[in-house]
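Asks: Next comes the sequence, and after it the predicted model I'd like to discuss.
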Amino acid sequence: MKRLEKKIAVITGSARGIGYGIAEHFAAEGAVPIIIDIQQELIDAAIEDLKHDGYTAYGYVADVSDFDQVGNVIKQIIKDHERIDILINNAGITRDSLLLRMKEDDWDKVLQVNVKGTFNFTQKVSRYMLKQKSGVIINIASVIGLMGNAGQSNYAASKGGMIAFSKSIAKELSSRNIRVNSIAPGFIETEMTATLPEQVVKQYQESIPLKRMGSVKDVAKLCIFLASDEASYITGQTINVDGGLVM
Ligand code: NAP
């Protein structure tokens, strides 16, 4: 028996990167991934790739930071699929800069996508999960939200905000059998980290006890566990996937 058989799983920012990896691993566990992203062509390509591997997935365009757009998309998903069992708030961006050079827009954009996007999806989806009296919400935060990082104050504030938001929502929704947890990945090999200079990557690797970058699979496997009944007594937690970087 697959661990997520027939579960409808909405995954934001899943046309590529960690989100796509989660969609792929969820599909292999029997779930029906719903790909949310901002570019239709990338969504189509992701669905095509999943189809090629024998999986069925569906896609919807939405900018997670747009409250009304998110509301409409969730309504449409419910119309098409009748329920949402799992929500993964994964869409996230960086706009790195040292504090004194940080533009107001860099601050606002990162908070809008990472924190407000998480609020938008969680509020709209939890309405249906409350009626269902079941659901799992997983927020993809970051170790940067726990330890901070020079040049990433906006990103750190957003990820720390997501973690605090998750704990509050876990307390609000637990009586209706809805679990909410955060995952804090460390340095994971994706396009987001592919742009880092080789020297910086080497330095990062040296600081990681397990001496390697993480893979998308490392994050996806934890998502499967948290979304499955195996984690039925786990809520309000932040679990690091970081090779031991933060202890
Ligand atoms: P990624 O490769 O940049 O993928 C993010 C996806 O989200 C992209 O498809 C992107 O679309 C989409 N997206 C961006 N803004 C959006 C919006 N407003 N609405 C809907 N979709 C949007 O990033 P990743 O490395 O997979 O990271 C995924 C999550 O993990 C993020 O929350 C990130 O902060 C977190 N994380 C990553 C790492 C890491 O090392 N990679 C470490 C810790 C945490 P476009 O491509 O069109 O922009």
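Replies: Here it is on my side, so go on. From a predicted model like this one, the values you see are computed outputs, not experimental measurements.
Asks: use CA for all of it now, contacts and neighbours both
Replies: Noted.
Asks: Which secondary structure elements does the longest helix seen in the chain sit against?
Replies: When the chain is parsed with DSSP state H, its longest helix is helix 153-173. Packing partners of helix 153-173 (3 or more Cα pairs under 8 Å, 6 or more residues apart in numbering; DSSP states H and E): helix 104-111, strand 135-140, helix 144-147, strand 178-185.
Asks: Distance of the most centrally placed residue in the chain relative to the ligand?
Replies: Of all residues in the chain, the one closest to the mean position by Cα atoms, centre = their mean is residue 90, 2.0 Å from it. Per Cα to the nearest ligand atom, to the nearest Å, residue 90 is found 5 Å from the ligand.
Asks: right, and that residue touches residue 11 too?
Replies: Yes. Assessed by Cα atoms under 8 Å, residue 90 is found in contact with residue 11 at 6.6 Å.
Asks: mind listing what the closest residue to residue 45 other than its chain neighbours touches?
Replies: Closest residue in space to residue 45, ignoring its immediate chain neighbours: residue 15 at 7.7 Å, by Cα to Cα, 6 or more residues apart in numbering. Neighbour list for residue 15: 35, 36, 37, 42, 43, 45, 46 [criterion: Cα atoms under 8 Å, 6 or more residues apart in numbering].
Asks: so who does residue 40 touch?
Replies: 60, 61.
Asks: I'd like to know how far it sits from residue 85.
Replies: Distance of residue 40 to residue 85, given as Cα to Cα, to the nearest Å: 24 Å.
Asks: cool, residue 125 as well?
Replies: Residue 125 sits 9 Å away from residue 85, going by Cα to Cα.
Asks: quick revisit: is the residue nearest to residue 45 in a helix, a strand, or coil?
Replies: Using DSSP: H, G, I helix; E, B strand; the rest coil, the secondary structure recorded for residue 15 is coil.
Asks: Ramachandran angles for it?
Replies: When read as degrees, to the nearest 10, the backbone of residue 15 gives phi -70, psi -20.
Asks: ditto for residue 227
Replies: Dihedral angles for residue 227 - degrees, to the nearest 10 - are phi -80, psi -20.
Asks: Just the buried positions in stretch 204-215, please.
Replies: Buried residues in stretch 204-215, defined by neighbour count with 16 or more other Cα atoms under 10 Å: 204, 205, 208, 212, 213, 214, 215.
Asks: I appreciate the help and will end here.
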